[in-house]
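*Asks:* below are the sequence and a predicted model; questions follow.
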Amino acid sequence: MTAGDKQPRRRDWIDKLQSFDRRWIFLVMGLAIVIPLLFPLNLPFKPSPMVKALYDTVENLDESDVVYLSLDLDPAATPELEPFFRAVVVHLKRQNVRIAIGSTWYQAPPIMERWIREVIEPQQARQGEGGYEGLSDRPYRKNIDYVNLGFREGRDVAINKLGSDLRGLFDNRAADRTPLDAIDLMKGRRRLGDFDLVILVSAGAPGAKEFVQQVQTRYNIPMVASVTSIMTTDMSPYYQADQLLGLAGGMLAAAEYEQLVGKPGLGAKAADVLNVGHLVVILAILFGNFVFFVGRRQGRRV
Amino acid sequence: MADLVSTADLLGYWLGIFLTICILSFLYKDNPFYKFAEHLFVGVSIGYVIIQQYYSVLEPKLVDRLGDGSWLALVPLALVCMLFAKLASRRLAWVARFPLAFVVGLYAGFAIKTVQSDLGAQMAESMKDLDEIKVNLNSASEEELSRLPGISEPVAKAIIERRAQVPLASVDEVAGLPGLNQTQRDILGEERGALIGLDARAATSDGERDWFGIFSDLLLLCGLLASLIYFYFSIEQKGAVGKVSRFGVWILMIGFGASFGYAVQGRLALAIGRAMDVLGKDKDPLLAERIHGPLVGCLSIAIIVIGIALWERRARRGRVD
């Protein structure tokens, strides 16, 4: 075989790689997600300082405290935010901290109702069950241990109003129309600053960023946030400047929080898959670059 | 749990799995199953928005208030009506400018507040002292101690108790303090490290410097200045300015790279969420057993594959004819 024969064969090989059907990558990614879900690898991970700071902030709450939990999210964000919500509610409940829940996203009410039904109202963690070593939590009762304030439209305007007059925004009543004056945990709480901590579970705008911009800086309210992965780089400067006392970004951070709480859940199950998925993405990037550079080099030679 | 699942709920779960596979079928190519799921999603979303907005906005803020005799509620109603004035006559289009001006003015006011939270607080953080001093375990407050890697509140209390009797001679002694449990000792062991761990941030005497912290602060300052110079267009970016600007570009690229990494993680999380739903991994085991997610998923794939094959065959025949 002469050098002249070799050159076209190599070009064929590179052409084939360059016209590689991307649907094969989708298939590989699909398998990389499904297989670790069926056969967990239990890869290790360690809580980051931002997540640990969030955990410590919640850990420092007292029994008499009341937190405002803002659920600003839609169904698309639940895979990333639900694991954190479940873990933080167990954490709050086992410390007997009472909870007021509200939202500025119209997509959130059905999710709030489901999470209240599945996570807040029933007992979630029993000491000694399934390897859980923390304190047991207890079932929470509506309008006694928690109150659902519901959703209010208004984006930044609504968030600003939460800072100055929360009762006015929610027309002085809970989502089930119970007057807030009749709910013990809301007594003396007229604005966000009257709560001991604000926990933001946020999937975009309006959300954690707007809460910091409109309310936190003005009233100096203690806040922590769990946000989607894509928001993490935008939000981490607020954590570094102490505007947020803790930050959990995405599914992996939720898994870290679950680890700190001592009750692995959805996040821990997903952590393995994320690691394998990231590996596939890295390999796909390397493969794409390899094909590109080899193709360019061959193109120059021809 | 499983007994509590009604037939309607069960059908809802199955429909969810089928629609998930319909949407994912777009990865093969645009097809009628994808279109059906997409149109259904848009239609249901619009219906949901209308109902939700009525019960969360119009009813409490308008209907109830008018019922209570609060006529001020007519002002926002009038502004909304003014938005639609041009539907009555094109000559009245100018009327819509008033509510729009109101909204623009309102949001401009809110945007000004971000100067304090974004510009002010972030600038203050960028201007902090570059000299990083290690936290002295023998004199720091409980709050300062709790911020150190591996030191939780109980560990901080144990340190304070111990130093009240005898000052700590080295950071090594922390893990050996009496009263700590094995988990706390393990965490302390994991968080040791001369570069960014406990050893880098804590000392047992005053005035010791955290050199990696100083380097980190300097890098932040240089990166910030270089990135700002990249966006400074009044000087031609060549020579020394060009080199600094180039460094700024690298810093920006690292920032964008981190954002891209998180974006990938977010998209993967969405895929994992759907996979968990289909496989029943996010549900109570009894409920998951009742739903038979994997079986329904396989059946959905079979229906969609056959459907797409028939649709493609029909399309080919249509082209031949």
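*Replies:* Yep, it's here. Residues are numbered from 1 along each chain as shown, chains lettered A, B, ... in the order given.
*Asks:* which secondary structure element contains the nearest residue to residue A:28 once chain neighbours are set aside?
*Replies:* Closest residue to residue A:28 apart from its sequence neighbours, by C-beta to C-beta, 6 or more residues apart in numbering or on different chains: residue A:280 at 6.0 Å. Using the backbone N, CA and C atoms, a C-beta is placed for each residue, glycine as well. Using DSSP states H and E, residue A:280 maps to helix A:266-301.
*Asks:* just checking, what packs against that helix?
*Replies:* Judged by 3 or more C-beta pairs under 8 Å, 6 or more residues apart in numbering or on different chains; DSSP states H and E, helix A:266-301 is in contact with helix A:3-18, helix A:23-38, helix A:78-94, helix A:250-261, helix B:239-279.
*Asks:* ok, residues contacting the shortest one?
*Replies:* Read it as helix A:250-261. A:45-48, A:50-52, A:54-55, A:79-81, A:83-84, A:86-88, A:90-91, A:134, A:226-229, A:232, A:247-248, A:264-268, A:270-271, A:274, B:262, B:265-266, B:269, B:272 (C-beta atoms under 8 Å, 6 or more residues apart in numbering or on different chains).
*Asks:* rewinding a little: in TSV: the helices and strands packed on helix A:266-301, plus distance to residue B:94.
*Replies:* Converted to TSV, those look like this (distance: least, C-beta to C-beta, whole Å):
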stretch	distance to residue B:94
helix A:3-18	57
helix A:23-38	52
helix A:78-94	44
helix A:250-261	47
helix B:239-279	43
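*Asks:* pipe those helices into JSON lines and attach distance to residue A:142, mean neighbour count and mean pLDDT per row.
*Replies:* Putting the helices and strands packed on helix A:266-301 into JSON lines (distance: least, C-beta to C-beta, whole Å; neighbours: other C-beta atoms under 10 Å in any protein chain shown; pLDDT from 0 to 100) gives the following:
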{"stretch": "helix A:3-18", "distance to residue A:142": "60", "mean neighbour count": "12", "mean pLDDT": "69"}
{"stretch": "helix A:23-38", "distance to residue A:142": "34", "mean neighbour count": "15", "mean pLDDT": "93"}
{"stretch": "helix A:78-94", "distance to residue A:142": "14", "mean neighbour count": "26", "mean pLDDT": "96"}
{"stretch": "helix A:250-261", "distance to residue A:142": "24", "mean neighbour count": "25", "mean pLDDT": "93"}
{"stretch": "helix B:239-279", "distance to residue A:142": "27", "mean neighbour count": "17", "mean pLDDT": "94"}
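*Asks:* and the ones you listed: which comes nearest residue B:48?
*Replies:* When those are compared by C-beta to C-beta, helix A:78-94 sits nearest residue B:48, at 15.8 Å.
*Asks:* paired strands for the helix or strand following the closest one, with orientation please.
*Replies:* Sequence-wise, the next helix or strand downstream of helix A:78-94 (DSSP H and E) is strand A:98-103. Strand A:98-103 sits in its sheet next to strand A:66-72 (parallel), strand A:146-151 (parallel), going by DSSP bridges.
*Asks:* name the residues of strand A:98-103 that are buried.
*Replies:* By neighbour count on 16 or more other C-beta atoms under 10 Å in any protein chain shown, the buried set for strand A:98-103 is A:98-103.
*Asks:* which residues are contacting the very next helix or strand once past that strand?
*Replies:* Using DSSP H and E, the next helix or strand after strand A:98-103 towards the C-terminus is helix A:108-115. Residues from elsewhere that reach helix A:108-115 (C-beta under 8 Å, 6+ apart): A:71-75, A:78, A:82, A:85-86, A:89, A:101, A:103, A:148, A:150-151, A:175, B:52, B:56.
*Asks:* neighbours of residue B:234, how many?
*Replies:* 4 (other C-beta atoms under 10 Å in any protein chain shown).
*Asks:* should've said residue B:238
*Replies:* With other C-beta under 10 Å as criterion, residue B:238 counts 9.
*Asks:* now it. Its backbone dihedrals?
*Replies:* phi -140, psi 170 (degrees, to the nearest 10).
*Asks:* now do it, the pLDDT please.
*Replies:* We note a pLDDT of 88 for residue B:238 in this prediction.
*Asks:* do you know how far the residue nearest to residue A:28 is from residue A:123?
*Replies:* Per C-beta to C-beta, to the nearest Å, residue A:280 is found 39 Å from residue A:123.
*Asks:* of these two, which one has the most company?
*Replies:* Neighbour totals were compared for residue A:280 and residue A:123, and residue A:280 leads with 17 against 12 (other C-beta under 10 Å).
*Asks:* closest residue of chain A to chain B?
*Replies:* Using C-beta to the nearest C-beta, residue A:79 is the residue of chain A that sits closest to chain B, at 2.5 Å.
*Asks:* nearest residue to that residue in space, please, no chain neighbours.
*Replies:* residue B:273 is the one closest to residue A:79 (C-beta to C-beta, 6+ apart), at 2.5 Å.
*Asks:* list the contacts for that neighbour?
*Replies:* So residue B:273 contacts A:78-80, B:282 (C-beta under 8 Å, 6+ apart).
*Asks:* next, give me the two most distant ones among those residues.
*Replies:* Most distant of these, by C-beta to C-beta, are A:80 and B:282, 12.6 Å apart.
*Asks:* all helices for the stretch 1-150 of chain B, in order.
*Replies:* B:7-24, B:32-53, B:64-67, B:74-83, B:85-88, B:97-114, B:121-126, B:142-146 (DSSP state H, counting those that start in this stretch).
*Asks:* same list, these, but as CSV with mean pLDDT, distance to residue B:191 and mean neighbour count please.
*Replies:* Below are the helices of the stretch 1-150 of chain B laid out as CSV (pLDDT from 0 to 100; distance: least, C-beta to C-beta, whole Å; neighbours: other C-beta atoms under 10 Å in any protein chain shown):
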stretch, mean pLDDT, distance to residue B:191, mean neighbour count
helix B:7-24, 94, 41, 16
helix B:32-53, 95, 46, 13
helix B:64-67, 91, 55, 14
helix B:74-83, 93, 55, 14
helix B:85-88, 88, 64, 13
helix B:97-114, 90, 36, 13
helix B:121-126, 84, 24, 15
helix B:142-146, 86, 13, 16
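*Asks:* could you find the closest non-adjacent residue to the residue nearest the centre of chain B?
*Replies:* Nearest to the mean C-alpha position of chain B, by C-alpha atoms, centre = their mean, lies residue B:266 at 8.5 Å. Among residues not flanking residue B:266 along the chain, residue A:229 sits closest, at 3.8 Å (C-beta to C-beta, 6+ apart).
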